[in-house]
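Undergrad: Build the 3D model from these lines:
(chains A, B, C and D)
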Protein chains: 2
Amino acid sequence: MERLEDCLSFVIGKAQQQVTKASREALAPYGVTPVQFAILKVLWERDGLNGAELCSRLVLDSATMTGLIDRMETGGWLERRADPGGDRRMSRVYLTKNGAQLEKPLNEAMDRVNAQFVKVLGKDRAASLWRGLEAIANLSITERRSPIR
Amino acid sequence: MERLEDCLSFVIGKAQQQVTKASREALAPYGVTPVQFAILKVLWERDGLNGAELCSRLVLDSATMTGLIDRMETGGWLERRADPGGDRRMSRVYLTKNGAQLEKPLNEAMDRVNAQFVKVLGKDRAASLWRGLEAIANLSITERRSPIR
DNA sequence: TACATGTTACTCGCATGCAAGCTATTTACC
DNA sequence: GGTAAATAGCTTGCATGCGAGTAACATGTA
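TA: Numbers count the residues shown, from 1 in each chain, chains lettered A, B, ... in the order given. Below is the predicted model of the structure:
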């Protein structure tokens, strides 16, 4: 490996840095971060998941999820409630009214971010980039493929 | 945007997660992290840079760099020394013997990580992925283009 | 029923990363 | 020479992210 730019770890890290920055700026007016947007997006699709299900869907550690849910509960976008089935090991996470109302504006904001990058790359290069990223992201990830609940 | 997987921020984050994980495991026997490898790689090419130059080359904040250099100095891979030119605002960062000796084994370890991902993707898809990532990484990054020193 | 095993979510410690703000020093300009 | 502006590197505070360990609870099995 000659240059630092020949190192996949570095190149993908810097690309992610740019995408995260653009996303953070697009979401900032709503007080939401990119990872928090991902949690909301999952809950907009199916409300009332527990922590383990969110970890599985977002491919995150439970230690990370605890803090995320804490901050989003404090922010007023979601809340923990006891499992209706009576399983006292877990709590289930439900959107608040505020969290539910963000669906349209946040999706639109993130659509604009995506569109911006697709425009810069061109449709063909963007499509092949997506395929490459998904191939890498799905390496040795089995949880995401298994059904939730 | 329908699925979470249609969100560039999410997909690139998960891909980076996998690459970082593979890199971290490859570097772990040497006690070095992926970002620390990047610093070493820059110093192997040109020793004695100051903090600002490292920030510029790695596209990192000075607050991040301070901690990184601290930990790598503690680890014994590099050391801060006064600027030979007498500029007392900065210190220059030099490799220790230990840091210099890691060049060959760490480069080989990271070459294996790169090769593994290229193998999974296939050469053509890997090449187009690299082009896409570099295009994104270089958006609005001017510092990296400016000469160092 | 009793016990082993699995599951869930939590804590702590550590490593990135950025924003904002600070001090010390150097440089540029009048 | 003297002052404004730029530069370097630091701190604090916050948000991810993981590893390791723990306590509470649920489940499967003898």
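Undergrad: Up against DNA strand C, what does chain A have?
TA: Contact residues, chain A versus DNA strand C (CB under 7 Å from any atom of the strand): A:13, A:17, A:21, A:50-52, A:55, A:62-63, A:65-66, A:69, A:80, A:87, A:89-91. No exception for glycine: its C-beta is placed from N, CA and C like everyone else's.
Undergrad: Which of these are buried, as a ChimeraX select command?
TA: The buried subset of these, as determined by 16 or more other CB atoms under 10 Å in any protein chain shown, is captured in ChimeraX by this line:
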select /A:13,17,50,51,55,65,69
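Undergrad: Let's see which of the residues of chain A next to DNA strand C end up in helices.
TA: A:13, A:17, A:21, A:51-52, A:55, A:62-63, A:65-66, A:69 (DSSP state H).
Undergrad: what residues are up against residue A:36?
TA: Shown in contact with residue A:36 (CB atoms under 8 Å, 6 or more residues apart in numbering or on different chains): A:27, A:68, A:71-72, A:75, A:77.
Undergrad: Roughly how far does it sit from residue A:134?
TA: 22 Å (CB to CB, to the nearest Å).
Undergrad: now the spatially most central residue of chain A, what's its secondary structure?
TA: With distances taken as CA atoms, centre = their mean, the residue of chain A nearest its centroid is residue A:38 (2.6 Å). Here residue A:38 is recorded as helix under DSSP: H, G, I helix; E, B strand; the rest coil.
Undergrad: Residue B:8 is in contact with that one, correct?
TA: No - using CB atoms under 8 Å, residue A:38 is not in contact with residue B:8; the gap is 11.8 Å.
Undergrad: circling back: please name the residues that touch the residue nearest to the centre of chain A.
TA: Per CB under 8 Å, 6+ apart, neighbours of residue A:38: A:58, B:4, B:7, B:9-10.
Undergrad: pLDDT score for it?
TA: We have a pLDDT of 98 for residue A:38.
Undergrad: for residue A:140, same thing?
TA: 69.
Undergrad: And residue A:126, by the same measure?
TA: For residue A:126, pLDDT reads 95.
Undergrad: That one: which element?
TA: helix A:123-137 (DSSP states H and E).
Undergrad: That helix vs helix B:123-137, what angle?
TA: Angle, helix A:123-137 to helix B:123-137, by axes from the mean of the first three to the mean of the last three CA atoms, to 10 degrees: 110 degrees.
Undergrad: Helix A:123-137 and DNA strand D, any residue contact?
TA: No - with CB under 7 Å from any atom of the strand as the criterion, DNA strand D is not reached by helix A:123-137; the gap is at least 11.7 Å.
Undergrad: Kindly report the residues of chain A close to DNA strand D.
TA: So far as CB under 7 Å from any atom of the strand goes, chain A lies against DNA strand D at A:33-36, A:59-64, A:67-68, A:71, A:86-89.
Undergrad: what about the residue nearest to residue A:44 when sequence neighbours are not counted, neighbour count?
TA: Sequence neighbours aside, residue A:103 is the residue nearest to residue A:44 in space, at 4.8 Å (criterion: CB to CB, 6 or more residues apart in numbering or on different chains). If you count neighbours by other CB atoms under 10 Å in any protein chain shown, residue A:103 ends up with 15.
Undergrad: roughly how far apart are residue A:103 and DNA strand C?
TA: 23 Å (CB to the nearest atom of the strand, to the nearest Å).
Undergrad: contacts with chain B among the ones in helices among the residues of chain A next to DNA strand C, please.
TA: A:13, A:17 (CB under 8 Å from any CB of the partner chain).
Undergrad: Identify the farthest-apart pair in the ones in helices among the residues of chain A next to DNA strand C.
TA: Using CB to CB, those reach their maximum pairwise distance at A:21 and A:52, which is 30.6 Å.
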